[in-house]
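Engineer: show me the folded form of this:
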Amino acid sequence: MGTPIKAVVWDVDDTIFDYATADTAGMRAHLTSEGLLDGFGTVEQALARWRALTREHWARFEAGEADWEGQRRDRVRGFVGQELRDAEADAWFARYLGHYEAAWSLFPDTVPALDSLADGYRHAVLSNSSLHNQDRKLRVLGVRDRFETVVCAAELGVAKPEAAAFHAVCEELGLAPQEVAYVGDQPDTDARGAVDAGLTGIWLDRLGLGGRPELVRITGLDQLPPLLARDTRFGAPDTFR
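Structural biologist: Residues are numbered from 1 along each chain as shown. As a prediction, this is how the structure comes out:
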């Protein structure tokens, strides 16, 4: 038997929090309010542009080429196609956040999984976001008290899949990497990154994409408690793949 897993560290967006649904509903409401929807044709086209800009400017943030506020302002400028002043970009983003936050919700399987695992494991969050954003989000959603600590890339200065990000949350918990499981929706950024850092990485494949047999994969959080209960580093055939 391998080293027992003592803690579960969680990703937030599209893992415990239904980011994709909130993103779509929030963007639709925001574009309608701003009178911008016709300029993009559909909400899906607008979201595709917004997400492309998010990836572009997040990469700049990861590379140290922009700070947290700067990358966010540049996303807004690129999206609206205007050279907005900082205050104008901040105000635009704040209005967007208002619509986005109105659509926030946890996945239906989140609280049952946390309840089931509450007594057997310690819990924490590691997110490629900012502490301000994720701490507030978890409080609004009513689950912040489920997690001992929330560790985020903006404050760390390093992001998943870098091993240093995973090691930082292990250090916060006072546990060795082999004592920690990490659950996230991205096969490489989350599961593969965790494995490479010495943790047990678990890919939450909610969309049922499959195709990564080297990873431990579940398709819903209801599968997590029985998986962890095996406590043998999942060496037996994985019925959840």
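
Engineer: ok, and the helix or strand in the protein with the lowest average confidence?
Structural biologist: Here the helix or strand of the chain ranked lowest by mean pLDDT, DSSP states H and E is helix 37-40, holding a mean of 85.

Engineer: next, the buried residues of the helix or strand that that one is followed by.
Structural biologist: Counting by DSSP states H and E, the next helix or strand C-terminal to helix 37-40 is helix 43-62. Neighbour counts using 16 or more other Cβ atoms under 10 Å place Val43, Ala46, Leu47, Trp50, Leu53, Thr54, His57, Trp58, Phe61, Glu62 of helix 43-62 among the buried residues. All C-beta spots, glycine's among them, are computed from the backbone N, C-alpha and C.

Engineer: just to revisit the earlier point, contacts for the least confident helix or strand of the chain?
Structural biologist: Arg28, Leu31, Val43, Ala46, Arg49 (Cβ atoms under 8 Å, 6 or more residues apart in numbering).

Engineer: columns distance to Asp67 and pLDDT on top of the residues you listed, output as CSV?
Structural biologist: Shown next, in CSV, are the contacts of helix 37-40 (distance: Cβ to Cβ, whole Å; pLDDT from 0 to 100):
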residue, distance to Asp67, pLDDT
Arg28, 29, 90
Leu31, 27, 91
Val43, 29, 87
Ala46, 26, 90
Arg49, 23, 93
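
Engineer: where does the protein have low pLDDT?
Structural biologist: Low-confidence segments of the chain (pLDDT under 70): 1-2, 231-241.
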